[in-house]
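Engineer: sharing a model that was predicted from the sequence below.
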Amino acid sequence: MRPQERATARRQLDKRLSPLRTREGFARPPRGWIKAIREALGMTTAQLGKRLGVSQPRAVAIEKAESTNAITLDSLERAARALDCDLVYALVPRKPLETLTEERALRLARRRVRPARHTMALEAQSVDPEAEEEQVRHLARRLLEKPGSALWDDEAL
């Protein structure tokens, strides 16, 4: 994917994910969604088990697995169907994707510029902070425009 296509994809995803960024409305109930929905429907664990095609103790174990973050997506999907629900699955970045990539590019650029500052300081040459920051911003823009994903190589930072 070309850099401009990636930037467009980031903006489109940011727009779709923006309403999900406030987690309050999507926070899992303390005992899990399965149990909360089942109880709200007035369904017993035996009835849930029957709808899942498992025993009552297994239905309880599935609810417990969700509450302890040990459930698989497959089990969660099956439980959702048994409760006549849709499973909505999303990774919601804490910040807009555009912000994450820009911050990463700036960190990488600062890291690349730092050795030059150090060398100049050893040679008793001062570095104009504004000029250095402009160099960092320029390098960050180049990193964002560069094809490939070197921006996310762990050794880059």
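Structural biologist: Right, received. Where do you want to start? Numbers count the residues shown, from 1 in each chain.

Engineer: other SSEs contacting the lowest-mean-pLDDT helix or strand in the chain?
Structural biologist: Counting by mean pLDDT, DSSP states H and E, the chain has its least confident helix or strand at helix 97-122, which shows a mean of 81. Secondary-structure packing of helix 97-122 (3 or more Cβ pairs under 8 Å, 6 or more residues apart in numbering; DSSP states H and E): helix 3-17, helix 129-145. No exception for glycine: its C-beta is placed from N, CA and C like everyone else's.

Engineer: other SSEs contacting the last one?
Structural biologist: Just to be clear, that refers to helix 129-145. helix 3-17, helix 97-122.

Engineer: so which of those is the most surrounded?
Structural biologist: helix 97-122 (a mean of 15; mean count of other Cβ atoms under 10 Å).

Engineer: for Arg51, what are its contacts?
Structural biologist: Ala82, Leu83 (Cβ atoms under 8 Å, 6 or more residues apart in numbering).

Engineer: list the buried residues in whichever helix or strand it is part of.
Structural biologist: In the assignment (DSSP states H and E), Arg51 maps to helix 45-52. Buried residues in helix 45-52, counting neighbours by 16 or more other Cβ atoms under 10 Å, are found at Thr45, Leu48, Gly49, Arg51, Leu52.

Engineer: any chance of the residues you listed in a markdown table, with distance to Pro3 too?
Structural biologist: Output for the buried residues of helix 45-52, formatted as a markdown table (distance: Cβ to Cβ, whole Å):
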| residue | distance to Pro3 |
| --- | --- |
| Thr45 | 52 |
| Leu48 | 49 |
| Gly49 | 52 |
| Arg51 | 49 |
| Leu52 | 47 |
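
Engineer: C-terminal to the helix holding Arg51, what's the next element?
Structural biologist: Note on helix 45-52: by DSSP H and E, the next helix or strand toward the C-terminus is helix 56-67.

Engineer: count the neighbours of Leu41 for me.
Structural biologist: Neighbourhood size, Leu41 [other Cβ atoms under 10 Å]: 13.

Engineer: nearest residue to it other than its sequence neighbours?
Structural biologist: Closest residue in space to Leu41, ignoring its immediate chain neighbours: Leu83 at 6.9 Å, by Cβ to Cβ, 6 or more residues apart in numbering.

Engineer: neighbours of that neighbour, how many?
Structural biologist: 20.
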